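S.K.: sequence plus the predicted model coming up.
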Amino acid sequence: MISNSALEIEHSAFDVTVVLCTYNRCRYLTGALESIAKSEMADSVTWEILVVDNNSTDQTRDVVEGFCHRYPQRVRYLFEPKQGLSYARNAGIEHSRGSLLAFTDDDVTVESTWLQNLTAALHNREWAGVAGRTLPAQEFSPPAWLPSWGAGMICAYFDLGDRPIELKQPPYGANMAFRRSMFAKYGGFRIDLGRNGSDKICSEDTEFGRRLMAAGESLGYEPTAIVHHLVLSERITQEYVLSWWFDWGRAIVRERVNRADKYGIPREYLALLRRSVGVLAQTLRGILACGLSERFEFNCQLSKTRGQIAELLRLTAKRKWRKRGTAIIAQPQKNSSVGAVDTGGEELTDPFSSAGPGTGNHVALEGK
């Protein structure tokens with residue numbers, strides 16, 4: 001949870017905070033910090049870089065401490081022990097000091113005018129948030145099996161052209177900024193979404209953007225706010241892309257959780273039926289597809305559907321578990337005192353909960 005007092009605009013001592021979350025990627029972090037620290041900002045703009053170390057076990061802290069000494073009062077270090085990208089981002093929001101919050105990744109380099117151009121449009125009241133342009137950091141030849149849209153999941157590719165426009169789709173976490181007041185008004189990033197250790201479920205960034213847009217807020221696109229994202233070789237594989245689609249399928253279902261039953265039937269039951277039929281149709285289309293990339297595209301859709309089914313099964317099991325727990329608690333027990341609950345020796349901790357407790361103790365460090 002992000003405390004409301006920490007999100008008050010009056011709390012802000014800086015104009016802009018760059019929140020950069022990282023986990024065991026010190027080999028890339030240096031390049032990201034070097035480029036951000038050299039940002040060209042107007043003298044009248046006060047800004048800082050807050051690096052949130054999400055429980056790293058490599059040399060991340062040493063790297064950031066070096067930047068804290070090189071750029072005193074500019075770079076700060078925050079240790080977030082609760083594993084998960086959303087926990088880290090929410091901790092960064094709470095401990096930031098800017099009225100505008102920019103987000104990027106630890107495996108990028110930014111152009112010198114990135115931060116100025118990304119946040120400039122937020123100084124007026126037209127936009128609640130802004131997305132910049134994210135391009136591959138190096139040229140690469142896509143394999144024949146990868147469809148044209150594949151760069152989006154390999155390097156967070158986001159390019160809507162050369163003109164500023166109002167967004168019709170939410171931004172990606174590698175290159176986005178929001179007013180601090182948006183988090184005070186709508187809450188932080190959902191902790192049941194976002195990468196968490198070996199769990200690669202995604203969409204905590206896009207869910208927040210969709211939340212704002214659904215509430216009537218306007219988001220803009222600034223093409224001159226350019227980030228260059230590394231293209232990692234381990235991501236240019238069919239296994240990685242298919243796993244990304246599987247996890248995206250899980251995220252789609254999880255994002256829409258807690259919807260009301262339809263005609264007295266749990267929505268996840270109806271969705272399971274639809275997705276099961278979809279698997280058969282997508283499998284047949286994949287078999288009949290001619291081109292290599294076309295066939296792989298159907299396999300991606302199939303992988304997404306499998307992810308949706310996996311999450312729907314989890315939700316179904318969770319519903320049954322909760323009903324069972326309610327029945328155990330509601331059942332009167334013999335020889336029990338008033339107000340006592342006999343669970344038959346079973347601990348009623350929800351095994352399906354993905355939220356977990358709040359953030360733990362933080363360790364903060366800044367340049368002296």
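M.R.: Nice, I can see it.
S.K.: quickly find the element holding A131.
M.R.: Assigned by DSSP states H and E, A131 falls within strand 129-136.
S.K.: other SSEs contacting that strand?
M.R.: If you count contacts as 3 or more CB pairs under 8 Å, 6 or more residues apart in numbering; DSSP states H and E, strand 129-136 packs onto helix 114-120, helix 151-155, strand 175-179, strand 219-229. Backbone N, C-alpha and C define where each C-beta goes, glycine included.
S.K.: what about the helix or strand following the last one, distance to the chain center?
M.R.: Where DSSP H and E defines the elements, the next helix or strand beyond strand 219-229 is helix 238-255. Averaged C-alpha coordinates place helix 238-255 at 13 Å from its chain's average position (CA atoms, centre = their mean, to the nearest Å).
S.K.: how many residues are close by K320?
M.R.: Per other CB atoms under 10 Å, the neighbour tally for K320 reads 11.
S.K.: distance of it relative to W248?
M.R.: Per CB to CB, to the nearest Å, K320 is found 26 Å from W248.
S.K.: assign D192 to helix, strand or coil.
M.R.: What DSSP: H, G, I helix; E, B strand; the rest coil gives for D192 is coil.
S.K.: so it sits against R254, correct?
M.R.: Yes. Using CB atoms under 8 Å, D192 is in contact with R254, at 6.0 Å.
S.K.: quick one on the thing from earlier: and for the strand holding A131, what's in contact with it?
M.R.: 108, 114, 117-119, 121-122, 151, 155-160, 167, 170-172, 174-179, 182, 209, 212, 217, 219-229, 231 (CB atoms under 8 Å, 6 or more residues apart in numbering).
S.K.: the strands in the stretch 51-200 of the chain, which residues?
M.R.: With DSSP state E, counting those that start in this stretch, the ranges of strands along the stretch 51-200 of the chain come out as 75-79, 98-104, 108-110, 129-136, 165-166, 175-179.
S.K.: and V341, what pLDDT?
M.R.: pLDDT for V341: 33.
S.K.: what do you get for A128?
M.R.: 97.
S.K.: could you list every residue that touches it?
M.R.: Counting by CB under 8 Å, 6+ apart, A128 touches 178-179, 182, 212, 217-219.
S.K.: apply 6 Å and report the result again.
M.R.: 179, 182, 212, 217 (CB atoms under 6 Å, 6 or more residues apart in numbering).
S.K.: quote the end-to-end distance of stretch 51-65.
M.R.: End-to-end span of stretch 51-65 (CA to CA, to the nearest Å): 10 Å.
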